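Chemist: Pasted the sequence and its predicted model underneath.
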Amino acid sequence: MIRQVEGDTRGSEIHLGIAVASWNRTITDRLLEGALEACTELGVEEVTVARVPGALELPVTALTLARAGCNAVVAIGTVIKGDTDHYEVVVRESSSGLGRVAIETGVPVANAILAVHDVAHAVERSGSGSANKGREAVAAAVATANTLAGLAG
């Protein structure tokens, strides 16, 4: 017997947490806008948005959202490469932390932290429409939460 479970993107049963970094806010606001538009389109009615200073604060915020009852979490941030190693540290640690949250809690955490070399790349990935990475992350989080619910049921 083969059982195949694939979640759809119907969000009516999903409480979605969105953790948003304020650093590079002009970009993260655009990602959040795309994420909220996707929530409306997918029927996600319960959304909790938590703002934090930067990308390094996203994992602990995602953990708190997951523990507070969110069925899925999206982490939104923007890290733009500079002349120091700080970029690599922030990207690595924030992404690693989000993965640990998902594994520890069993709650899907979609990573919408842009790691780019210049502002133009961030603007491109945060624009309106289907290329917005906040929008993509919501769809991934909802589909994964629905898959996990299907596996449990």
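Modeler: The structure has been received and is ready for your questions.
Chemist: If the spatially most central residue of the chain is in a bridge, with which residues?
Modeler: Among the residues of the chain, the one closest to the centroid is Val74, at 2.2 Å (C-alpha atoms, centre = their mean). Beta-bridge partners recorded for Val74 (DSSP bridges): Ile18, Ala110.
Chemist: shouldn't it be in contact with Ala110?
Modeler: Yes: the pair Val74 and Ala110 qualifies as a contact (C-beta atoms under 8 Å) at a distance of 4.7 Å. Backbone N, C-alpha and C define where each C-beta goes, glycine included.
Chemist: who touches both of these two?
Modeler: Taking C-beta atoms under 8 Å, 6 or more residues apart in numbering as the contact rule, Val74 and Ala110 both touch 137-138, 141.
Chemist: Could you export those as a markdown table, including distance to Cys39, neighbour count and secondary structure?
Modeler: Output for the shared contacts of Val74 and Ala110, formatted as a markdown table (distance: C-beta to C-beta, whole Å; neighbours: other C-beta atoms under 10 Å; DSSP: H, G, I helix; E, B strand; the rest coil):
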| residue | distance to Cys39 | neighbour count | secondary structure |
| --- | --- | --- | --- |
| Ala137 | 11 | 25 | helix |
| Val138 | 6 | 32 | helix |
| Ala141 | 10 | 33 | helix |
